[in-house]
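> quick one, fold the following:
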Amino acid sequence: MVLPHRTAELLEADEAQSFVHKLQLSVSKGLPHAVPVPGLRTEEHELVKAVFQVLQGFETSWLYWDSNMLRYREKAGIYVTHLSLTGLRSLLSPFLFTATCLKQVELFVGKVRTRRHKIPTLDVFASSVDSWLKRLREAALKEEEKLFVSDNRTITLLGLTDSLSSLRSGAEHLSQVLHRAVPDGFWDSGAHVASSEVAVHILDHLFKKLNEVCLLEDGEGEPFHMLLVIFTGSLLPYLQCLDSWIYDGILDDPCEEMFFYANNAVTIDQPAFWEMSYMLRVRGSRVDSSTTLTDSKSIKKKESSNQESNTAGACLKVNNQGCVDILCPVFLKDIARAIVSAGKSFQLVQHVQDVHQIQTTKSGQQKFWPDMSSLRIHDDRPRNKDALEVSTSQFGNDSREMGLLTLSEIFLICLSGLLENGDHVYEYLRTLHADSVPNNNAFMENGSTSNLKGTEDTCAGNITEKTWLKLLKDATSGRRCDGTSTDYKFGFQFDDLEYVRQVDDRRTLEDLYAFPTLLPCAKENALLSEILPMQKDSALASRVLKFIQNMSVKDPLQPVGIIQECLSKCINRQVDHIGNQILSKLMGEWRLMDELFVLRAIYLLGSGDMLQQFLITIFDKLDRGNSWDDDFELNNLLQESIRNSADKMLLTAPDSLVVSLAKHDTHNGEEGPSTSKKGRALGFGIDALDMLNFTYKVSWPLDLIVNTEALKNYNQVMGFLLKVKRAKFVLDETQSGCGRGRTTHNIKQHLIVAQKLLHFVDAFHQYVMDRVYHSAWTELCDGMASATTLDEVMEVHEAYLSSIQRQCFVASDKLWALIASRVKTILGLALDFHNVEQTLSTGGTASAVRARCEMETDRIEKQFDECVVFLLRILSFKLNVGHFPHLADLVTRINYNHYFMSDNGSFSAIPGSRTR
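Down below sits the predicted model:
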């Protein structure tokens with residue numbers, strides 16, 4: 001083989017040129033256009049330095065940030081003598097991608113911090129991401145220092161690939177966390193996204209990411225660690241709002257991030273407070289507190305109709321079952337309703353204590369104590385003074401763990417113990433609080449050494465002190481749990497003179513020492529919370545987050561388990577505590593059951609003689625056709641009836657119960673719009689009493705439970721019971737004079753009809769007394785005894801109302817309407833029969849009158865038989881009886897001794913019916 005002729009240039013460059021340069025010259029025959037630009041030549045160790053620079057977010061002469069493409073790129077044409085262009089690009093590409101990820105995170109953090117409209121959760125999320133970004137860049141700095149300090153170590157891009165593998169993986173995962181971390185369109189200039197939507201989106205996004213990575217193998221534990229730190233930091237603003245809500249009853253949410261908002265148009269003393277004062281945010285809705293019910297007319301209309309209120313309440317009650325998609329973090333949706341109810345209950349109790357303070361004079365000093373009567377409901381003996389003081393004080397801030405820990409502090413301490421050793425810290429905090437309630441002052445003054453020592457032994461044996469114990473000591477040091485401090489919810493705990501003196505001393509100290517002198521901190525990047533450790537939550541939060549960030553997470557924990565162990569238990573305990581307090585008030589001082597007992601006596605006609613005189617007078621007026629359209633006269637009759645009643649003491653005030661004639665809507669053209677109230681009042685029919693509307697003034701705050709809608713339902717039940725009572729009244733009156741001046745045959749037939757009607761009405765009346773008056777009340781009492789919150793009390797009362805409405809057939813359902821129409825027809829037949837008997841006894845000697853009366857009696861008997869057969873078929877239908885057992889009881893009473901229907905359900909000829 002003949003070798004190619006070597007040119008003079010190649011011979012001269014044998015010693016001076018590299019192999020790559022020689023290869024290029026041999027291919028290009030020495031032509032100058034194929035020679036690389038000398039100024040773009042660099043060394044590999046220079047590129048390594050440039051890589052470390054771009055990882056810190058800077059630019060170099062070889063690597064730069066492309067603001068158009070938003071990524072790092074290498075300068076065009078650069079080369080290293082011993083690497084090909086393809087090989088160089090393949091080595092630089094992973095580092096440029098890592099630097100791009102870190103730079104994008106940096107740009108995201110900068111964009112958040114320059115926003116005018118601040119969103120606390122977004123800001124803290126950006127700070128947590130920035131903290132992890134600094135951690136990654138610090139790792140790069142350490143690697144750079146280790147790499148360039150050693151003189152004997154060869155610096156190559158390939159070697160850097162292995163040493164920075166963890167950093168590259170962390171940067172990629174951090175960048176992925178930011179992907180879709182905020183709602184779509186958030187950064188668009190024209191888009192407006194609510195703060196609550198942004199906060200919930202971020203927390204849900206992080207929680208979802210945690211669930212995705214928690215099941216990965218041990219080698220992938222770094223993403224879980226990073227996500228846990230970011231999630232913990234991002235959750236703190238939400239926890240601070242929850243803390244002020246469930247421990248202070250204050251919605252401290254200026255940026256409107258919470259899943260509920262305050263409706264400022266509703267005050268606490270209005271009946272609409274419970275349903276409308278704090279509303280859930282619905283996903284996709286743009287309604288906020290500034291646009292909801294802003295005028296008082298809307299509130300009054302809401303209270304009168306209560307339609308939208310019930311809709312809102314219904315959605316609130318079934319939100320956990322998916323009625324509405326509330327804008328709440330997914331890990332709090334199960335307890336969202338309980339959280340809202342707890343804060344409202346806190347406000348109710350606090351407001352009552354502010355209104356009904358008991359002033360006690362002792363030793364010439366004034367001391368205010370809240371009303372303690374609610375604490376005596378479990379027994380008749382009042383508790384001692386110390387027990388009352390402790391029970392009352394523990395409703396507010398003293399119900400916190402150790403009397404001072406906030407919700408975010410408890411969450412952080414529990415999380416640190418769970419991650420470090422798997423300790424269930426919250427159970428120990430509860431034990432510590434329960435064992436040391438009387439000695440919290442000594443616990444704080446002694447540095448909690450002895451108590452924490454016992455807790456440590458219980459926790460994991462005699463080992464070195466745990467980190468969470470140190471954090472707990474740091475959190476409680478310098479913070480007093482002093483019973484003599486001011487608690488504004490329960491009045492001043494010292495006299496006015498001492499208070500004025502302390503205020504004067506405080507102002508003097510403030511003038512002398514405007515701000516404490518602080519020496520410069522020698523520690524670089526020191527947190528402000530470490531310089532000013534007395535700021536609420538801040539010192540502990542920074543310490544725990546730093547501890548979690550620097551620790552090594554061995555086994556990833558389930559996010560649901562973390563929330564349950566470190567957060568949900570604490571929230572549920574406070575919710576239960578407030579629920580017990582509000583129930584104590586309801587059943588004790590506010591006398592809920594007594595009020596319901598009064599409603600039962602009035603609207604279910606439970607009091608035998610409270611309304612007896614009033615009703616007899618009205619029945620007589622109806623029989624005689626006299627006018628009874630005067631509201632003033634009706635109320636005089638009502639008050640007189642109450643005064644003459646043995647149960648008059650049930651009413652706190654005589655005028656608490658008033659009666660009026662309601663204006664009913666017209667149906668089926670029976671009454672035209674011009675029909676006067678007097679004309680309707682003169683009616684004799686069974687529906688005449690429907691115009692009576694009884695209004696009982698329920699005291700606050702019980703009107704939250706027995707609201708306008710509830711009283712409307714009570715009136716519906718009462719209207720039906722009045723029909724039964726009137727029918728029984730006229731039948732009793734008819735039976736005493738039945739058959740005077742008539743033939744034996746007529747007397748027999750009239751007595752049979754009278755007995756049929758009387759049997760039905762008596763049977764129905766007994767059914768009402770047993771089922772509606774007694775059984776439903778027993779179920780109500782059992783339900784109230786098992787209720788744990790005000791919401792559950794309301795649900796029990798609503799279930800009670802629904803039950804008596806169904807059993808009186810006035811519920812809004814086709815089945816009940818069908819049954820009610822037949823029952824009302826039979827009650828109307830009783831009035832018709834009474835009218836026939838009155839006609840016969842007063843002027844029925846004429847044959848034509850007697851004939852018409854006989855025909856009317858035949859019609860009454862025939863229609864009664866048809867209605868009874870229809871009712872028995874409907875009531876005895878197996879499906880209906882299976883769903884509503886009370887119908888079987890009614891069938892047994894009506895079909896006594898199988899008078900109408902046999903055991904097998906067949907109808908034979910009804911005994912006593914005349915042949916037609």
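
> give me the number of residues near residue 276?
If you count neighbours by other C-beta atoms under 10 Å, residue 276 ends up with 23. In short, each C-beta sits where N, CA and C put it, glycine included.

> what sits closest to it if chain neighbours are left out?
In space, and not counting its chain neighbours, residue 276 is closest to residue 266: 4.9 Å by C-beta to C-beta, 6 or more residues apart in numbering.

> now residue 102
Per C-beta to C-beta, 6+ apart, closest to residue 102 is residue 171, 5.2 Å.

> can you give me the buried ones in whichever strand or helix holds the one you found?
Taking DSSP states H and E as the definition, one finds residue 171 inside helix 165-178. Of the residues in helix 165-178, 167, 168, 170, 171, 173, 174, 175, 177, 178 count as buried by neighbour count, 16 or more other C-beta atoms under 10 Å.

> list the contacts of the closest residue to the third one other than its chain neighbours.
Closest residue to residue 170 apart from its sequence neighbours, by C-beta to C-beta, 6+ apart: residue 136 at 5.3 Å. With contacts defined as C-beta atoms under 8 Å, 6 or more residues apart in numbering, residue 136 is in contact with 102, 167, 170, 171, 174.

> next SSE after the helix or strand harbouring residue 136?
Using DSSP H and E, residue 136 falls within helix 120-149. Toward the C-terminal end, the helix or strand that comes next after helix 120-149 (DSSP H and E) is helix 157-163.

> that following helix packs against which elements?
helix 44-55, helix 85-113, helix 120-149 (3 or more C-beta pairs under 8 Å, 6 or more residues apart in numbering; DSSP states H and E).

> quick one: mean pLDDT over stretch 54-61.
Confidence for stretch 54-61, expressed as mean pLDDT, is 92.

> oh, I was asking about stretch 75-94
Stretch 75-94 shows a mean pLDDT of 87 in the predicted model.

> stretch 854-873 too?
The average pLDDT within stretch 854-873 is 83.

> can you get me the start-to-end distance on stretch 803-818?
17 Å (C-alpha to C-alpha, to the nearest Å).

> and it, what's buried?
For stretch 803-818, by 16+ other C-beta under 10 Å, it's 803, 804, 805, 806, 807, 808, 809, 810, 811, 815, 816.

> list the buried residues in stretch 248-261.
Across stretch 248-261, burial judged by 16+ other C-beta under 10 Å covers 248, 249, 251, 253, 255, 256, 257, 258, 259, 260, 261.

> what about those, which are in helices?
Using DSSP state H, the subset of those located in helices is residue 248.

> tell me the two of the buried residues of stretch 248-261 that are most distant?
Spatial extent of the buried residues of stretch 248-261 (C-beta to C-beta) is set by the pair 249 and 255 at 19.5 Å.

> picking up where we left off before, quick one: the helix holding residue 136 to helix 85-113, angle?
140 degrees (axes from the mean of the first three to the mean of the last three C-alpha atoms, to 10 degrees).

> and residue 549, what element?
helix 538-550.

> show me what that helix is packed against.
Packing partners of helix 538-550 (3+ C-beta pairs under 8 Å, 6+ apart): helix 120-149, helix 221-248, helix 407-421, helix 467-476, helix 528-531.

> residue 349 is nearest to which of these?
Of all the helices and strands packed on helix 538-550, helix 221-248 comes closest under C-beta to C-beta, at 12.3 Å.

> from the contact counts, what lies against that closest one?
Checking 3+ C-beta pairs under 8 Å, 6+ apart, helix 221-248 ends up next to helix 120-149, helix 165-178, helix 195-213, helix 336-355, helix 407-421, helix 538-550, helix 569-587.

> what would the buried residues of helix 165-178 look like in a markdown table with distance to residue 44 and pLDDT?
Supplementary listing: the buried residues of helix 165-178 in a markdown table, determined by distance: C-beta to C-beta, whole Å; pLDDT from 0 to 100:
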| residue | distance to residue 44 | pLDDT |
| --- | --- | --- |
| 167 | 19 | 91 |
| 168 | 19 | 91 |
| 170 | 25 | 91 |
| 171 | 22 | 93 |
| 173 | 28 | 92 |
| 174 | 28 | 92 |
| 175 | 27 | 92 |
| 177 | 33 | 91 |
| 178 | 32 | 91 |
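
> take the buried residues of stretch 803-818 and keep only those in helices.
Checking these against DSSP H, those in helices are 803, 804, 805, 806, 807, 815, 816.

> between these, which sits nearest residue 609?
residue 804 (21.8 Å).

> burial measure for residue 594, as a count.
Neighbours around residue 594, by other C-beta under 10 Å: 13.
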